[in-house]
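Colleague: sequence and predicted model, in that order:
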Amino acid sequence: MAKHYAASIGQAFQYKYSSTETCLGGVALANYQDQIYMAWTGRDHHLNLMASRDGGKTFDTHSKMILPERSYNRPTLAVYQHQLFLSWIDINGHICLMHTNSDGTIFHKLTKYISHETTYSVFFAAFSAMRSENYAGPILAVCNQQLVVAWTGQDQHLNLMRSLDGGHSFDSSTKYTSPESSYSSIERARTLNSPRPGRVIKSYHPGPGLAVYNEHLFMTWISQERLLNLMCATDNSISFESSTKTTIRGQSSHTTPALAIHRGQVILAWSGSNDWNPTLNLLLCPAETPDFNHPGQHIIFNDTSDQAPALLSYHDKIIIAWSGIVNHQINLAAYAC
């Protein structure tokens, strides 16, 4: 189906920072104490954090933290009750949570919480660490003064759960499982002259994205048809109604999309599904009546990524972070809108 709007192609960033750091699965962003914090999983599977004090133009290498916790996937960040929270999937597929001390310099191991909820099985992780890297991690948000986590379960359905104890844990009694499911794809070698016919050569298991506007929770995800979707919670952010679902026509992706609210606009970011040139995209539309099939702007950048991007509203700019295709180096840029 044809798109009903024109895209601005090849738009330039206000400024761009390219790091020598490399990551698995993409990057997470948060604005904590007016500093941009970036979190990622290193190639050694350890969780990393680093801070920028100049709006993302540079990052202070002295602020870099390498945590003993390990993951195969991208972590997520959120600021809640004046503390920086970090959530990730451990190497067994379980959702974990941890937060900093008051000045954000230390993630204390005594704050670590491990949920029984998983994105893939323990057996699967032990069987194939490389394939586990393609499973998306969780996403955090703060809504109605509660910390919320969303993820894609082993059955590919979208899930949501809240913390009722100030971020010390997630309460399983609050778990909501949506009838909507996320895209999943495994591509195997088919040629007879392949060293290992049938081996997995590429797989995608993206998760959801979250954003909050006027205490209403928005969720985005990639459907089984690889199309981008958006829906809104209707009952105090406890559950989502499929009647609020919008499918964005003509736009597809393999990876987890990102959501942010900036100056009264819902902003959606994703990597296109072109295997040879998956460009970064932004869609902007009014948050009061979001209609991504008739957005205010569709921006296509020249930069490319085959991993999930991250978005952050920071003062008068949107910050977008991603990892490069060839070397998986971390990039961050600002776009004024």
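Modeller: In hand now; what should we look at?

Colleague: now do the strands in the stretch 151-300 of the chain.
Modeller: Assigned by DSSP state E, counting those that start in this stretch, the strands in the stretch 151-300 of the chain fall at 157-162, 171-181, 185-188, 200-204, 209-213, 216-222, 227-232, 246-252, 258-262, 265-271, 279-286, 297-304.

Colleague: let me fix that, I meant to ask about the stretch 1-150 of the chain.
Modeller: According to DSSP E, counting those that start in this stretch, the strands that the stretch 1-150 of the chain contains are 8-11, 15-22, 24-32, 35-41, 46-52, 60-70, 76-80, 83-89, 94-99, 113-118, 139-143, 146-152.

Colleague: and residue 32, what is it in contact with?
Modeller: 51, 77, 79, 84, 104 (Cβ atoms under 8 Å, 6 or more residues apart in numbering). Every C-beta, even on glycine, is put in place using the N, C-alpha and C of the backbone.

Colleague: count the neighbours of the first one for me.
Modeller: In other words, residue 51. For residue 51, the neighbour count with other Cβ atoms under 10 Å is 20.

Colleague: check the fourth one too.
Modeller: Residue 84 sits with 25 neighbouring residues when counted by other Cβ under 10 Å.

Colleague: just checking, it touches residue 77?
Modeller: Yes: if you go by Cβ atoms under 8 Å, residue 84 and residue 77 touch, sitting 6.6 Å apart.

Colleague: any regions of the stretch 51-200 of the chain where pLDDT drops low?
Modeller: For the stretch 51-200 of the chain, applying pLDDT under 70 flags the ranges 104, 120-134, 185-200.

Colleague: again, 90 this time
Modeller: For the stretch 51-200 of the chain, the stretches with pLDDT under 90 are 72-73, 91-93, 101-109, 118-137, 153-156, 181-200.

Colleague: so which of the strands of the stretch 1-150 of the chain is nearest residue 247?
Modeller: Proximity to residue 247 (Cβ to Cβ) singles out strand 146-152 among these, at 17.6 Å.

Colleague: show residues contacting the closest one.
Modeller: With Cβ under 8 Å, 6+ apart as the criterion, strand 146-152 contacts 78, 80, 85, 87, 89, 95, 97, 117, 119, 135-142, 158-164, 166-167, 170, 181-182, 205-208, 210, 217, 219, 221, 237.
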